[in-house]
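Student: I'd like to go over a predicted model; first the sequence, then the structure.
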Amino acid sequence: EVQLVESGGGLVQPGRSLKLSCAASGFTFSDYNMAWVRQAPKKGLEWVATISYDGSSTYYRDSVKGRFTISRDNAKSTLYLQMDSLRSEDTATYYCARHNYYYGDFDYWGQGVMVTVSS
Amino acid sequence: DVVMTQTPPSLSVAIGQSVSISCKSSQSLVYSDGKTYLHWLLQSSGRSPKRLIYQVSNLDSGVPDRFSGTGSQKDFTLKISRVEAKDLGVYYCAQTTHFPLTFGSGTKLEIK
């Protein structure tokens, strides 16, 4: 059974940093691209970043480029999102999702982790 | 960025009725490989999103055939026949043809 479990969320002040983790199991992690998708309170879904199966390629939305870094450790089957210079508009539930290369969609999602940026 | 315009924003339907949700993109979603990367997801209340349909019309495993997806280029539709109570939630379309990847604003399905 595919499982994605996020951790590392919490309350952080504007301008500070936070690192999210996503522990994957139930599939060969190193075979799949992975992504982070967020959802602000009462809002819709917003793609944040994607990383290729081997970590060689990364893609970001413009609003987080230069502030967020997506990375992965295939030996640990873990995905990360380093978030620096956080802003109030980054407040959201962050989902880890498997980005299926063959079908192009997000075929499995984690339960999400809440990040609140506030002073 | 590709804008995904999803309508209606909400639907109230009686059990057993059929509904359709529209999703229109600001650009063609046909990729250079000839495939169309338009997908549908369902987010039930308080839960994480769940895959429903991928590449326009392919149902995820376990999704009943009451659900169907159609469309091409820039115009797509999700149809739910014989709505059941467990179908309630927010439906999103998503395109993964162009970066940045984008989602529709969602359609909330409520049961009368």
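Tutor: Looks like it arrived, so ask away. Numbers count the residues shown, from 1 in each chain, chains lettered A, B, ... in the order given.
Student: what's the nearest residue to the residue nearest the centre of chain A if we skip its chain neighbours?
Tutor: With distances taken as C-alpha atoms, centre = their mean, the residue of chain A nearest its centroid is A:Trp36 (2.9 Å). Spatially, and ignoring its direct neighbours in sequence, A:Trp36 is nearest to A:Val48 (4.2 Å; C-beta to C-beta, 6 or more residues apart in numbering or on different chains). C-beta here means a position set from N, CA and C on the backbone, and glycine is covered the same way.
Student: just give me the neighbour total for A:Gly78.
Tutor: Rather than Gly, residue A:78 is Thr. Residues near A:Thr78, counting by other C-beta atoms under 10 Å in any protein chain shown, number 18.
Student: likewise for the one 3 residues further on?
Tutor: Neighbouring residues of A:Leu81 were enumerated by other C-beta under 10 Å; the total is 26.
Student: that one against A:Tyr95, yeah?
Tutor: No. Counting by C-beta atoms under 8 Å, A:Leu81 sits too far from A:Tyr95 to count as a contact (10.6 Å).
Student: and the pLDDT for residue 3?
Tutor: The chain I'm using is chain A. The model reports A:Gln3 with a pLDDT of 98.
Student: you looked at the wrong chain, it should be chain B
Tutor: pLDDT at B:Val3 comes out at 98.
Student: now do B:Leu38
Tutor: Model confidence at B:Leu38 (pLDDT) stands at 98.
Student: then the one 3 residues further on?
Tutor: The score at B:Leu41 is 98. That number is its pLDDT.
Student: that one: helix or strand, and which one exactly?
Tutor: strand B:38-43 (DSSP states H and E).
Student: equivalent analysis for B:Thr70, please.
Tutor: strand B:67-72.
Student: off-centre distance for the helix or strand following that strand?
Tutor: Scanning forward in sequence from strand B:67-72 by DSSP H and E, the next helix or strand is strand B:75-80. In terms of C-alpha atoms, centre = their mean, to the nearest Å, the centre of strand B:75-80 is set 6 Å apart from its chain centre.
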